[in-house]
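[1] have a look; sequence and predicted model below, questions after that.
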Amino acid sequence: MKFEKGNSFWKSRSKHGRDKLFSTPQALLDAACEYFDYCDNNPWESIKKVESSAGITTENKPIHKPYTRAGFIHFVGASPNWLKEFKKHCGEDFLAVIDEIENFIDNQQWEGAAVGVFNANIIARTLGLKDKSDITSNDNEITVQPPLSFNDVKKKLKEIDGEI
């Protein structure tokens, strides 16, 4: 059977398109809280061998999981590109919740790295933090200039003010 041009079979469908992953900003926030609770209640375990006079034993130590965007997206069953695309088309109410979730994730990673729970180098890369150095080269000579100190910046600003 061939469908004729201009047919209206589509009108007989019970619904059109897929359901949204989250129907309300509150549902999104609730899912984020569930993810955070899951991470807190299911830590990784570090297994260390300990030598003592009684022999070698193993010691299990719980290690806190960092909250991550990728972990959250996986937890809610979304595709890796979902959040990026969702942010383009959602309303301001969803954007406010997404910003809050992302800030909470970044803050947990930052604080965990600051107190030594997480590897500071990995977290710095994840958060996009980096030390900058000015590297210049003339022929085969490479000169590395370290970042300016606070006093150097003040001195440069005074020089600039004097030129104006």
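    Sure thing, it's come through.

[2] when you work out contacts or count neighbours from here on, use the C-alpha atoms and nothing else.
    Will do.

[3] my guess is I105 meets F72, correct?
    No - the criterion here is Cα atoms under 8 Å, and I105 misses it with F72 at 9.4 Å.

[4] so those two - more neighbours on which side?
    F72 (21 against 18; other Cα atoms under 10 Å).

[5] and that one, what does it touch?
    32, 35 (Cα atoms under 8 Å, 6 or more residues apart in numbering).

[6] low-confidence ranges in the protein?
    Filtered on pLDDT under 70, the chain yields the residue ranges 1-3, 9-19, 130-150, 157, 160-164.

[7] 50 instead, please
    Per-residue confidence for the chain (pLDDT under 50) gives these ranges: 164.

[8] can you show me the strands along it?
    Per DSSP state E, the chain carries strands over the ranges 44-52, 55-63, 134-138, 141-145.

[9] where do the helices of this protein begin and end?
    For the chain, applying DSSP state H gives helices covering 25-41, 69-75, 82-89, 92-114, 120-126, 150-163.

[10] just put the ones you listed in CSV and tack on distance to S8.
    Formatted as CSV, the helices of the chain follow (distance: least, Cα to Cα, whole Å):
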stretch, distance to S8
helix 25-41, 35
helix 69-75, 37
helix 82-89, 29
helix 92-114, 35
helix 120-126, 51
helix 150-163, 70
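
[11] out of those helices, nearest to E59?
    Closest of these to E59 is helix 25-41, at 19.5 Å (criterion: Cα to Cα).
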